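Asks: Give me a model of this one.
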Amino acid sequence: MGLRPPANLRGKISGALMIAGLVAASAVLICLGRQDIIHALSYAGRLAGGLLVAAGLTALVAAICVVVDRLLGRGTKYTTAITLFGVLAALGAGLLLLTVQIGEYTPWLWLWLGLSVWACWALWDLLHRRQAWRDITFRRNFAAIVSFTALITAANFVYSQIYEPYSSPMTVIMSAKIGSIHKDEVTTYVPVTFELENTGEVGAYVVGASYSLTGLDWKSAYENPRDLKKWEKDIDTDALTDLHTYADKPQAYTVSIGLLQKLGDYELNPGEKYTQEKTIELPTKTFRAVQIQSEAYLLRKDRMIYSAAPTTYYSWSDKKEKVPKWVTDYAGADAGSDYIRYQVPVHYSNQILNFTRRPRHITLWWVLGKENSTPITPLVADLETPGGEQTEPTYADWEQEREKYGFTYLNSGSTEAVL
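Replies: Okay, here's the model as predicted:
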């Protein structure tokens, strides 16, 4: 007991800790909120930034009140109330940031944790040791103000982080159409039209879009029908789901693949339509039909934004980096296929997420295959932490990225025409 510091010294120490904590909380909250007021991608995000700035300013004013109360000895019931309100604001902000942090670890976790622990101590010091609640004569009004502020903050958080992404889905339609085919004795000309149309209320980044045109050939109809045993062989050998009685299974050969858009090229805002027309040539007497399809990867504009210019890597330039096995498996290509890789880092829709989520980037592979071997689906994209693109994402990972950030895959389906 003799080592216990005197009461006035304890008061000065707790006062210094109170002031330091309030000033630190003010700096953190104002810094976070100011960035969101300026740069958040949605109005709800900017409102959240405004609330953080308000909480930070309240903490700063509370720190001044502590100086007036404990160092100058001129405190009143109003300075006590402002101090308590500032501590509650810091505690609420710390708990809110900890809630957002759930699910992913970043080093900033320790800052939110430290802020929350300090705020709990400060609240205990005010209510238990200093009996601040007794000094406030307008306790009912004070409680009403605190409750209303907490309700507004919680409602904004639920709206911006949970409700808004689900109530405004990204709606983009993709199509691939074959026009009127012309041919002569040597060459067949196949006109194709590709369209991407944003029919929703949310803008999208076109991460990448590609097409492929396949030529089909099969033997003439048999006079005698193929029996069930041959159907079973088609299923066992080639996993076919189209079984023909009077014709062989079609033999497919990729005639043309190409990029409609690569990473960083195009944004599709609500009501906009992107159209691209091509004419593809192929030998007249080689194929009996053609099949066209297109695919695209999209990213919601109100959930993420590119934070730098995309980089491009060509696999044949130095042969140092092989395409990940899961990418070639997904594309239906041989291991060691040639490819072009586009990559860009991204920022989240608000500063709160930038501090509570690990950094991510988008990687887009355009797989070209190997000699005399072309991929089934040439375009593969992934939204992942740096280095994570080497590992195949699970279905749960893909669903999580789709729900949180609107990272979406589209396929036009295949359209077939007889030559």
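
Asks: rest of the way, CA atoms for contacts and neighbours
Replies: OK.

Asks: Just list the residues touching A89, thanks.
Replies: A89 makes contacts with A55, G56, T58, A59, as judged by Cα atoms under 8 Å, 6 or more residues apart in numbering.

Asks: could these go into JSON lines alongside secondary structure, distance to H347 and neighbour count?
Replies: JSON lines is the format used below for the contacts of A89 (DSSP: H, G, I helix; E, B strand; the rest coil; distance: Cα to Cα, whole Å; neighbours: other Cα atoms under 10 Å):
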{"residue": "A55", "secondary structure": "helix", "distance to H347": "24", "neighbour count": "27"}
{"residue": "G56", "secondary structure": "helix", "distance to H347": "24", "neighbour count": "28"}
{"residue": "T58", "secondary structure": "helix", "distance to H347": "29", "neighbour count": "23"}
{"residue": "A59", "secondary structure": "helix", "distance to H347": "28", "neighbour count": "31"}
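
Asks: Look at T275 and give its secondary structure.
Replies: strand (DSSP: H, G, I helix; E, B strand; the rest coil).

Asks: That one reaches L196, doesn't it?
Replies: Yes. Counting by Cα atoms under 8 Å, L196 is a contact partner of T275 at 6.6 Å.

Asks: Would you mind telling me which of those two has the busier surroundings?
Replies: For T275 versus L196, neighbours defined as other Cα atoms under 10 Å are more numerous around L196 (22 against 13).

Asks: List the residues that contact that one.
Replies: L196 neighbours (Cα under 8 Å, 6+ apart): V172, I173, M174, S175, K273, Y274, T275.

Asks: Buried members of those residues into ChimeraX, please.
Replies: In ChimeraX, this line selects whichever of the contacts of L196 come out buried by 16 or more other Cα atoms under 10 Å:
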select :172,174,175
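
Asks: now the contacts of L196 as JSON lines including pLDDT and distance to R74?
Replies: Shown next, in JSON lines, are these (pLDDT from 0 to 100; distance: Cα to Cα, whole Å):
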{"residue": "V172", "pLDDT": "92", "distance to R74": "63"}
{"residue": "I173", "pLDDT": "92", "distance to R74": "67"}
{"residue": "M174", "pLDDT": "93", "distance to R74": "69"}
{"residue": "S175", "pLDDT": "93", "distance to R74": "73"}
{"residue": "K273", "pLDDT": "93", "distance to R74": "67"}
{"residue": "Y274", "pLDDT": "92", "distance to R74": "68"}
{"residue": "T275", "pLDDT": "94", "distance to R74": "72"}
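
Asks: Please enumerate the helices of the stretch 51-200 of the chain.
Replies: Assigned by DSSP state H, counting those that start in this stretch, the helices in the stretch 51-200 of the chain fall at 77-101, 109-124, 132-135, 139-158, 164-167.

Asks: Tell me where the longest strand sits in the chain.
Replies: strand 204-217 (DSSP state E).

Asks: Give me the packing partners of that strand, helices and strands only.
Replies: If contacts are counted by 3 or more Cα pairs under 8 Å, 6 or more residues apart in numbering; DSSP states H and E, strand 204-217 sits against strand 251-261, strand 266-268, strand 289-300, strand 379-384.

Asks: Which one, of those, ends up nearest to W133?
Replies: strand 289-300 (47.4 Å; Cα to Cα).

Asks: got the CA positions of the closest one in CSV?
Replies: Taking C-alpha atoms only, strand 289-300 is exported to CSV below (Å, rounded to 0.1, in the frame of the first residue of the first chain):
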residue,chain,number,x,y,z
ALA,A,289,-21.4,-25.7,-89.0
VAL,A,290,-19.9,-23.0,-86.7
GLN,A,291,-20.5,-22.2,-83.1
ILE,A,292,-19.8,-18.8,-81.5
GLN,A,293,-19.6,-17.8,-77.8
SER,A,294,-18.3,-14.9,-75.7
GLU,A,295,-17.4,-14.4,-72.1
ALA,A,296,-16.6,-11.6,-69.7
TYR,A,297,-15.5,-10.7,-66.2
LEU,A,298,-17.0,-7.7,-64.5
LEU,A,299,-16.4,-5.7,-61.3
ARG,A,300,-18.9,-3.3,-59.6
